[in-house]
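K.L.:
okay, here's the prediction I keep looking at, along with the sequence it came from:
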Amino acid sequence: MQNGRRLLIGGTSILSSLVALLGVGTLGLVAYFSPWTYRWSQARRLRSQLGRKHVLTLTYDDGPNLGMTPRLLDLLNAFDVNATFFMLGQHVERCPQMVERVLAAGHDIGCHADRHLNAWIVPPWRAVADIEAGYRKMERWLPRDGMFRPPYGKLTLPTWLCLRLRRAPVWWWTVDSGDTWEVPPQPQEIVNQIIDEGGGIVLMHDLDGSEDRKEFVLKTSSLLLEAAQRGCFEIKPLSELAKLC
């Protein structure tokens with residue numbers, strides 16, 4: 001009888017320990033991934049504020065590239081509009097002249113890490129190292145606290161702390177253009193969505209991808225620029241949104 005009681009007590013103790021470990025593990029995971037939730041609160045706030053003020057920001061990730069970035073710059077220049085480019089360190093290293101051209105045209109630039117590693121997939125030290133490498137390769141043009149956009153929109157506690165130490169503002173988006181989706185939407189669908197919302201921050205990419213993808217980005221950008229000309233909204237770079245929001 002006593003042996004049975006000991007087994008019962010021992011089993012209860014093991015179960016309690018497992019429950020405690022599970023609880024600690026769950027809390028650890030929540031803490032690790034919790035900075036990502038800021039994305040949703042930021043997007044909700046910006047969607048509301050920019051919609052009321054009818055302001056739109058065009059953002060382009062993953063450049064600069066010699067094939068696509070110049071075409072975008074020519075288009076933006078034709079409409080006398082400034083955008084924001086989140087650049088990868090490895091691409092900046094390959095074509096620094098494009099960074100100079102983007103800045104000379106009056107556009108914002110920000111860091112998008114070095115090799116676009118997904119912080120939710122790679123070990124935390126690799127994700128942090130990727131961010132640091134991106135800033136290091138952009139240090140000629142971007143200050144230590146220059147704006148940042150997380151690759152894939154993913155943040156973890158270590159990457160968030162890395163950016164906090166830099167005092168770097170983190171920017172996501174309110175509308176994904178779908179230019180990297182397996183089947184992109186029609187450009188006019190995205191434009192209609194943004195017009196209905198009154199503005200926002202749209203995510204696009206100046207990748208050197210297929211010609212169809214490039215044309216999608218150029219067409220979507222052109223339609224948004226034309227909508228701004230009609231008075232649907234005013235286009236401003238991210239650096240100016242900080243003053244508005």
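P.N.:
Great, that's in hand.
K.L.:
thought Ala227 was touching Gln193?
P.N.:
No. Counting by CB atoms under 8 Å, Ala227 does not reach Gln193; the two are 11.4 Å apart. C-betas here are computed from N, CA, C, even on glycine.
K.L.:
which SSE is Leu203 in?
P.N.:
According to DSSP states H and E, Leu203 maps onto strand 200-205.
K.L.:
sheet partners, orientation included, of that strand?
P.N.:
strand 55-63 (parallel), strand 175-176 (parallel) (DSSP bridges).
K.L.:
using CSV, write down the CA coordinates of that strand.
P.N.:
What follows is strand 200-205, C-alpha atoms only, in CSV (Å, rounded to 0.1, in the frame of the first residue of the first chain):
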residue,chain,number,x,y,z
GLY,A,200,-1.3,53.7,-45.9
ILE,A,201,2.2,52.1,-46.4
VAL,A,202,2.4,49.8,-49.4
LEU,A,203,5.0,47.0,-49.7
MET,A,204,6.7,46.5,-53.1
HIS,A,205,10.1,45.2,-54.2
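K.L.:
show me what the next helix or strand after it is packed against.
P.N.:
Sequence-wise, the next helix or strand downstream of strand 200-205 (DSSP H and E) is helix 211-229. Counting by 3 or more CB pairs under 8 Å, 6 or more residues apart in numbering; DSSP states H and E, the packing neighbours recorded for helix 211-229 are strand 55-63, helix 69-78, helix 187-197, strand 200-205, strand 234-235.
K.L.:
the strand holding Leu203 vs helix 69-78, what angle?
P.N.:
Strand 200-205 and helix 69-78 are oriented at 150 degrees to each other (axes from the mean of the first three to the mean of the last three CA atoms, to 10 degrees).
K.L.:
average pLDDT across strand 200-205?
P.N.:
Taken as a whole, strand 200-205 has an average pLDDT of 96.
K.L.:
next, the angle helix 187-197 makes with that strand.
P.N.:
Strand 200-205 and helix 187-197 meet at an angle of 160 degrees, taking the same axes, to 10 degrees as the criterion.
K.L.:
in this protein, where is pLDDT below threshold?
P.N.:
1-38, 245 (pLDDT under 70).
K.L.:
re earlier: closest one to Arg136 among the helices and strands packed on helix 211-229?
P.N.:
Smallest distance to Arg136 across those (CB to CB): 18.0 Å, for strand 55-63.
K.L.:
from the chain's centre, how far out does the closest one sit?
P.N.:
9 Å (CA atoms, centre = their mean, to the nearest Å).
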